[in-house]
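Colleague: Test case, fold it:
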Amino acid sequence: MKLVRNLDFDDASLRGGAVTIGNFDGVHRGHARIIEQLKELAAEVGGPAVVFTFDPHPVRLLRPDAVPPPLTWTDRKAKLLADLGVDTIVVYPTDEALLALDPGEFFDQIVIKRLQARAMAEGPNFFFGRNRAGNIAMLRELCRASEMRLEVVTPLKVDGEYVSSSRVRELVSVGDVATANRLLTSPYRIRGMVTHGAARGAKLGFPTANVAAIDTLLPAKGVYACRAICQAGEWPAAVNIGPSPTFGEDALKVEVHLIGYTGSLYGNALEVDFLRRLRDIRSFDSVDKLKSQLARDVEAVRAMNI
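Modeller: Residues are numbered from 1 along each chain as shown. The predicted structure follows:
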């Protein structure tokens, strides 16, 4: 897979293939259906399967107060798309010039001139160009006029509901990460930097890595069964998102107990896959009762054989 961040050069890995355009936040199973069609088209036209996405999301420039937290960061998104078999991923730097293009100009400058696409795959709710004025009907006409094949991919339903980034975001927001993962192509993941905390977990016998600078959507408050990924490898983990009411603290924290890990993680990056929500955050009458609950949380994670 090739990751490209601009189109200001001649590169055969970008041109003459099949293209799909979108944000692909989260890279869910609905996206995977589009990618499967994209790969089939690319094979038919004898060119690369190209995903064209944006960084930052256009809404961040147009309506910064309305943009929701992302589900994935750019490199993670690229890795997930590569795992689906995409040849080239264009992460286009969103700017005012791009947002000013009307649908016809966007199609002509990006799809035809720069990508030299011979086929496209999109979902039925695709919008493009200034003010999202272009829709799938307009795209169909533009492709027809350019003698380019367009495949409109039927949206995927799971449990009777359409799979979408918005639906995944709603599930993660309420802590239902298990259902969210059924819609995603890989478990829901966050990342951050390990910072110093109160070291209270170590005193209780359950040392935790305090994770800050998280740049994606945080699941709801609660205790979760997770998988932690650090430089030393992957570890099962019990993760607490929320305050420490037993100790009278109200500040929201993300505390990750890597089961079986004994090294220091301070100052390092840590990624966490959320697998299942175990329980709510609550206050305990004593430290001993809290320690007993933490032990049960750890055993619940161990039993999952993560």
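Colleague: Can you pull out the low-pLDDT segments for the stretch 101-250 of the chain?
Modeller: Where the stretch 101-250 of the chain drops to pLDDT under 70, the residues are 198-199, 202-203.
Colleague: which residue ranges form the helices in it?
Modeller: 103-106, 136-145, 165-173, 177-183, 200-204 (DSSP state H, counting those that start in this stretch).
Colleague: quick one: stretch 155-168 to chain centroid distance?
Modeller: Here stretch 155-168 is found 15 Å from its chain centre; the criterion is Cα atoms, centre = their mean, to the nearest Å.
Colleague: and it, which residues are buried?
Modeller: Across stretch 155-168, burial judged by 16 or more other Cβ atoms under 10 Å covers 156, 163, 164, 165, 167, 168. Where you see a C-beta, it was placed from the backbone N, CA and C, and this is true even at glycine.
Colleague: can you list those in CSV and add distance to residue 256?
Modeller: Listed next are the buried residues of stretch 155-168 as CSV, based on distance: Cβ to Cβ, whole Å:
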residue, distance to residue 256
156, 32
163, 28
164, 29
165, 25
167, 26
168, 22
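Colleague: Can you name every helix or strand that the one helix or strand residue 274 maps to contacts?
Modeller: Applying DSSP states H and E as the criterion places residue 274 in strand 269-279. On a contact count with 3 or more Cβ pairs under 8 Å, 6 or more residues apart in numbering; DSSP states H and E, strand 269-279 meets helix 177-183, strand 188-195, strand 209-212, strand 222-230, strand 233-244, helix 287-303.
Colleague: Wait, residue 174 touches residue 220, no?
Modeller: Yes. Taking contacts as Cβ atoms under 8 Å, residue 174 lies within contact range of residue 220: 5.3 Å.
Colleague: The two: who's more crowded?
Modeller: residue 220 (17 against 13; other Cβ atoms under 10 Å).
Colleague: which ones are touching the more buried one?
Modeller: Counting by Cβ atoms under 8 Å, 6 or more residues apart in numbering, residue 220 touches 172, 173, 174, 175, 241, 277.
Colleague: Give the closest residue to the residue nearest the centre of the chain in space, chain neighbours not counted.
Modeller: Geometric centre of the chain, nearest residue: residue 72, 2.5 Å, by Cα atoms, centre = their mean. Nearest non-adjacent residue to residue 72, counting by Cβ to Cβ, 6 or more residues apart in numbering: residue 26, 5.6 Å away.
Colleague: And the pLDDT at that neighbour?
Modeller: Listed pLDDT for residue 26 reads 97.
Colleague: which residues touch residue 210?
Modeller: Residue 210 neighbours (Cβ under 8 Å, 6+ apart): 194, 195, 196, 197, 253, 254, 255, 256.
Colleague: Most neighbours out of those residues, which is it?
Modeller: residue 256 (27 neighbours).
Colleague: three-state assignment of that one?
Modeller: Following DSSP: H, G, I helix; E, B strand; the rest coil, the label given to residue 256 is strand.
Colleague: Pairing partners for it in the sheet, please.
Modeller: residue 209, residue 239 (DSSP bridges).
Colleague: All further residue positions should be reported with the first residue as 768.
Modeller: With 768 as the first residue, the last one maps to residue 1023.
Colleague: would you turn the contacts of residue 977 into CSV with distance to residue 1014?
Modeller: What follows is the contacts of residue 977, written out as CSV (distance: Cβ to Cβ, whole Å):
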residue, distance to residue 1014
961, 21
962, 18
963, 17
964, 12
1020, 11
1021, 16
1022, 12
1023, 18
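Colleague: just curious, which of those residues is nearest to residue 908?
Modeller: residue 1021 (48.3 Å; Cβ to Cβ).
Colleague: Quick check: that closest one vs residue 846, distance?
Modeller: Using Cβ to Cβ, to the nearest Å, residue 1021 is found at 22 Å from residue 846.
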